[in-house]
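Asker: here is my input, please return the structure:
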Amino acid sequence: MSNEAPVRFGLVGTGYWASETHATGIDAANGAELTAVWGRNPAAAKEIADRYGATVHEDFDEFLSAVDAVSFSVPPDVQAPLVIRAAQAGKHMLMEKPIALDDDAAGLVVEAVDTSGVAALVFFTHLFSPPVVQWFDEVADGSWIGGSAQWLGSALVDENPFNTPWRRQYGGLWDVGPHAVVDLLRTLGPVTDVVAESGGVDITHLILRHESGATSTATLTISAPDAADGFTMMLWGASGRTNLPIEGVDSPVALTGAIEQLVSMIRNGERNHAADVHTGRAVHQVLSSAQRQLDAKAAR
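Answerer: Below is the predicted model:
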């Protein structure tokens, strides 16, 4: 075990994902300690803080001054300006995906992180899930001709804890789309061309062309019925087919892994990572291109 003092983490957010995944994951991480909570719901912030012996802060700048690193679990339009303030204050961070909801904000986030020199990761769950990371390594030979991803989420069912205002407004493209897109980027390489079509309310179909020459597709929604809920991803090529092992994904465990990798980056001065802010920006660019196409077609 390390004799170094734990990295003091502050949690931004008080919702279901913040409480059940971020707070739980930070608490379980080696080398990290949850010491501060800031949120727009003071009562919920106090509840989380009390559970882990952390301190609630009402002032965001005061919150930043009390921590070394920040774990964000708020809607992307709320996250982006707070990330910029945290980076300017020299705080390392774990961001949620997508990193922002518009191009200008995404660019400012990347600029703030790069200028400050802080360590920053984006919590793409699969990139921190050990069985999936092992699968990524196994399929990394670049021989794949194509791939397909299908995320049928049911977040918009009334009783679902993820049925939140920003998801209702932006839908599956921006909520579950980052997962599918980052997996396709990770396995087939950077995207050079995007085609997007709407399949109806909150259903988006993507066709992606990759630098490697491979092509892929993705179907995305968060309005599927519970009975259809699930994620599948398949790659195909000369050696046959292979499927991403989604059954091995445990979100709090993945969050713990992300925090531990961030702690390692902080202590070792590392800044490059497969899930860094530049990957977040690449994913955002795919989603943004798709959104522009969908908006243009809807306006005809």
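Asker: show me the contacts for L108.
Answerer: Counting by CB atoms under 8 Å, 6 or more residues apart in numbering, L108 makes contact with 80, 84, 100. Where you see a C-beta, it was placed from the backbone N, CA and C, and this is true even at glycine.
Asker: possible to save the residues you listed as TSV with secondary structure?
Answerer: TSV is the format used below for these (DSSP: H, G, I helix; E, B strand; the rest coil):
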residue	secondary structure
A80	helix
I84	helix
A100	coil
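Asker: report the residue spans of this structure with pLDDT below the cut-off.
Answerer: Counting by pLDDT under 70, the chain contains low-confidence ranges at 1-2.
Asker: in it, which helix is the longest?
Answerer: Taking DSSP state H as the assignment, the helix of the chain that covers the most residues is helix 277-298.
Asker: okay, buried residues for that helix please.
Answerer: 277-281, 283-291, 293-294 (16 or more other CB atoms under 10 Å).
Asker: now, among those, which is nearest to A238?
Answerer: Of all the buried residues of helix 277-298, A238 sits closest to V286, with 26.4 Å by CB to CB.
Asker: now that closest one: how far from S19?
Answerer: Per CB to CB, to the nearest Å, V286 is found 30 Å from S19.
Asker: H92 too?
Answerer: Distance from H92 to S19, by CB to CB: 22 Å.
Asker: with N160 instead?
Answerer: 15 Å.
Asker: could you look up the SS state of A224?
Answerer: A224 is classified as coil under three-state DSSP.
Asker: my guess is it meets A155, correct?
Answerer: No - contact criterion CB atoms under 8 Å: A224 and A155 do not qualify, at 9.1 Å.
Asker: strands of this protein, residue ranges please.
Answerer: 7-12, 32-38, 55-56, 69-72, 92-95, 120-122, 144-152, 191-200, 203-210, 215-221, 230-237, 240-243 (DSSP state E).
Asker: which other helices and strands does the shortest one contact?
Answerer: For strand 55-56, the contact count by 3 or more CB pairs under 8 Å, 6 or more residues apart in numbering; DSSP states H and E identifies strand 32-38, helix 42-52 as packing neighbours.
Asker: just the longest one next, same as before
Answerer: For strand 191-200, the elements it packs on are helix 177-188, strand 203-210, helix 277-298, judged by 3+ CB pairs under 8 Å, 6+ apart.
Asker: now with 10 Å, please.
Answerer: When contacts are defined as 3 or more CB pairs under 10 Å, 6 or more residues apart in numbering; DSSP states H and E, strand 191-200 packs onto helix 177-188, strand 203-210, strand 215-221, helix 277-298.
Asker: now what about it, what contacts it?
Answerer: With CB atoms under 10 Å, 6 or more residues apart in numbering as the test, strand 191-200 has contacts from 173, 181, 184-185, 203-213, 215-221, 223, 282-283, 285-298.
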